[in-house]
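# Sharing a sequence plus its predicted fold:
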Amino acid sequence: MDPLRDPLRDPLRDPLRDSLRDPVVESVRHLDLAELPLRSVNALLHGREVEGLAPLAPGEDVVLTHPRGAHAVAVGLDSPRQVRIEGHVGYYAAGMNQRADVVVDGNAGVGVAENMMSGSVTVLGNASQAAGATAHGGLLVVHGDAAARCGISMKGVDIVVGGSIGHMSAFMAQAGRLVVRGGAGDALGDSIYEARLYVRGEVASLGADCVAKPMRPEHHEELGALLKAAGYEDDDPAAYTRYGSARELYHFDVDNAY
Amino acid sequence: MQPHDLAQRGLRVSATYDPATIHDIQRAAATGVYDIRGGGAKRAVPHFDDLLFLGASMSRYPLEGYRERCGTDVVLGARHARYPLHLDIPVTIAGMSFGALSGRAKEALGRGASEAGTSTTTGDGGMTPEERGQSKHLVYQYLPSRYGMNPDDLRQADAIEIVLGQGAKPGGGGMLLGQKISERVAGMRTLPQGIDQRSACRHPDWTGPDDLTIKIAELREITDHEKPVFVKVGASRPYYDVKLAVHAGADVVVVDGMQGGTAATQDVFIENVGIPTLAAVPQAVQALRELGVHRSGTDAVQLIVSGGIRTGADVAKAMALGADAVSIGTAALVALGDNDPRWAAEYEAVGSAAGYYDDYQDGRDPAGISTQDDELAARLDPVAGGRRLANYLRVLTMEAQTIARACGKAHVQHLEPEDLVALTVESAAMARVPLAGTSWVPGSPGCPGAGHGG
């Protein structure tokens, strides 16, 4: 199937959407960002006391409504709970996430899940630039497309993109795995270190020191597990190409100048 | 052979092709790679040495030296943060990474700073338990590479410093050569051990001042608006950079001049990019004044100046020009024991000399400071090193107080440009103070050449 025509790319037709909409939870707090200041909502999510609001119980899940493109929604979370954001978010949604599972039911702006340490962030729509930038751990799933610099300087995170990614993605990517069901823009993996990239579609061009590598059994297994974790278990890992570092820029040399 | 003897023989040094330049050409031809070194600009540039204070006399009352109170405390970041930094002295320790420095050196910096009542700063590569444990006030740098960037460390920091650049290399990223990428350094930075590591020169998830506004807001949200946010720039266009940083929401702006050190950068970069500290300070202060946030009370944005601060006179001069505090890096390392003559033979063995050593990139520092070699690092006793640094910080402070009292000031922050004159036309123009013995401030309104002063 042409990955660019894959129905899973359209979040409105994404079969995962319904299952994510109704998480099985015992207690859910609804917080309306049209009524509450972002500062109060984030403080509450950090376990802080906020005047006029009951503190969140451990593990109590949260639904945030009317984000209306606000920046820094649900940033700095550091406890296990599910947080669902109903609508589009601006820059840095779920930034530096630890242990929480965040779902954005909409599109995400620049730097979604930047520097995530653990937990998961799922974007049902598209993501702007620098999705998962510098993230050290956890799982970021973007069911739509991700723009330029997806996974830039990634340091251990796993990223699965249902659609395609823009140019300069995985720039200086140090560790972790980036899976792209569609294609990739120019200069994929420029100056990459030890991250592993799996792309099913066309790659416009590879960046400095990034090369295609053979898919060995352990890579099929790894990719299969990532696809399954993101809800794409029906994908055939054999349809993907692995990219990684040629490791020729690891030491300064006069012949390394690009 | 001494230069005098050579001159006696009619041999004349070329100003253009001096021996160091000839050596550089020969080295480049032999190796095919550019020279990488540590430290800041070595070329002579107008500096604080070119300024003098006008002590009190008939028209100014001095304060009694040593005895009368002369305050030195400074509050950083009260503009937005719930918990601003309250420091006893206006001399802070600049960001230097674990990786560039040994863990014991970072510990020593923390010990010395804490004993003197001031702050120290992390660096590229993250926060180590040694420095957090020994630093009463610790500023956590937020750098383009985000090596070791951890929200837990962010939350346990006392302030956050977003680094856009540094004076030694405005526009350049970091560099740490493979010999210093030990197992621990590699682990903290998520890099393979032993590779030559480059740090990114631009932040991965924001570009430009509008994005910086949003990034600062994110960091405040993550830390529940508790911590001051600094923005550090390498001095190149400080007037514009400071204005943009303030607009973006910075509580404190750090301006680092070209004499500021680095752990490793190309020599050509260090010597040819950026502007001197002296030239940067008045521009930064002008920006703050025009925005109404220079020493303006609770909404003030503090200015920290770094790059070539060595003496209490430098501290006093920077503050007289409008800085609220200064930072030291190279001088702090010297206080710990860098370039100590006791290691003279070993400096010679690595091709340098005590007083000249700048191969911080090399990892073979005889003083055990800029190294990840355990045997070398063991040469620095962090307790003794911290004590030396605290002593040095006290001397800087007492020297600045001495000058402030002589100028009739009951607080070092009361020093002002009116207390200064310049020795050269260049320094007068840069510092915007009169040439000594005249009322001429080159470039200022009413003076010849007016309109070129910015």
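That came through, no problem.
# so how far is whichever strand or helix holds residue B:4 off the chain centroid?
Following DSSP states H and E, one finds residue B:4 within helix B:3-8. For helix B:3-8, the separation from the chain centroid amounts to 38 Å (computed by CA atoms, centre = their mean, to the nearest Å).
# now swap in stretch B:270-286 and tell me
Relative to its chain's centre, stretch B:270-286 lies at 12 Å (CA atoms, centre = their mean).
# end to end, how far does that stretch reach?
Start and end residues of stretch B:270-286 are separated by 26 Å (CA to CA, to the nearest Å).
# Which residue, neighbours along the chain excluded, lies closest to the closest residue to chain A within the stretch 101-250 of chain B?
Relative to chain A, the nearest point of the stretch 101-250 of chain B is residue B:222 (3.3 Å; CB to the nearest CB). C-betas here are computed from N, CA, C, even on glycine. The shortest distance from residue B:222 to any non-neighbouring residue, by CB to CB, 6 or more residues apart in numbering or on different chains, is to residue A:76 (3.3 Å).
# wait, what's in contact with that neighbour?
Residue A:76 is in contact with A:42, A:45-46, A:95-97, B:151, B:155, B:221-223, counting by CB atoms under 8 Å, 6 or more residues apart in numbering or on different chains.
# Please name the bridge partners of the closest residue to residue A:139 other than its chain neighbours.
Leaving aside its chain neighbours, residue A:139 sits nearest to residue A:120 (4.4 Å; criterion: CB to CB, 6+ apart). Note on residue A:120: beta-bridge partners by DSSP bridges are residue A:101, residue A:139.
# so how far is residue B:397 from residue A:120?
51 Å (CB to CB, to the nearest Å).
# and if you look at residue B:339?
23 Å.
# if we can go back for a sec, from the rest of the structure, what touches the helix holding residue B:4?
If you take CB under 8 Å, 6+ apart as the criterion, helix B:3-8 is touched by residue B:13.
# Now do the buried residues in the following helix or strand past it.
Next in sequence after helix B:3-8, counting helices and strands by DSSP H and E, comes helix B:19-31. The neighbour-count check on helix B:19-31 (16 or more other CB atoms under 10 Å in any protein chain shown) flags nothing as buried.
# just how off-centre is the following helix or strand past helix B:19-31 within its chain?
Next along the chain after helix B:19-31, taking DSSP H and E as the criterion, comes strand B:36-37. The chain centre lies 18 Å from the centre of strand B:36-37; the measure is CA atoms, centre = their mean.
# Against which helices or strands is strand B:36-37 packed?
strand B:265-266, helix B:267-272 (3 or more CB pairs under 8 Å, 6 or more residues apart in numbering or on different chains; DSSP states H and E).
# Next, see if the last one gets close to chain A.
Read it as helix B:267-272. No. Using CB under 8 Å from any CB of the partner chain, helix B:267-272 never reaches chain A; the gap is at least 14.1 Å.
# May I see the buried residues of that helix?
Using 16+ other CB under 10 Å as the test for burial, helix B:267-272 gives B:267, B:269-271.
# do the same with stretch B:216-227
Buried positions in stretch B:216-227, judged by neighbour count with 16+ other CB under 10 Å: B:216-223, B:225, B:227.
# do stretch B:409-427 as well
B:409, B:411-415, B:417, B:419-422, B:426-427.
# give me the subset of these touching chain A.
Checked against chain A using CB under 8 Å from any CB, the buried residues of stretch B:409-427 yield no neighbours at all.
# What about those residues, which are in helices?
B:426-427 (DSSP state H).
# Select from the buried residues of stretch B:409-427 every entry located in strands.
B:420-422 (DSSP state E).
# and the closest residue to chain B within chain A, how far is that from residue A:196?
Per CB to the nearest CB, the residue of chain A with the smallest distance to chain B is residue A:76, at 3.3 Å. Distance from residue A:76 to residue A:196, counting by CB to CB: 28 Å.
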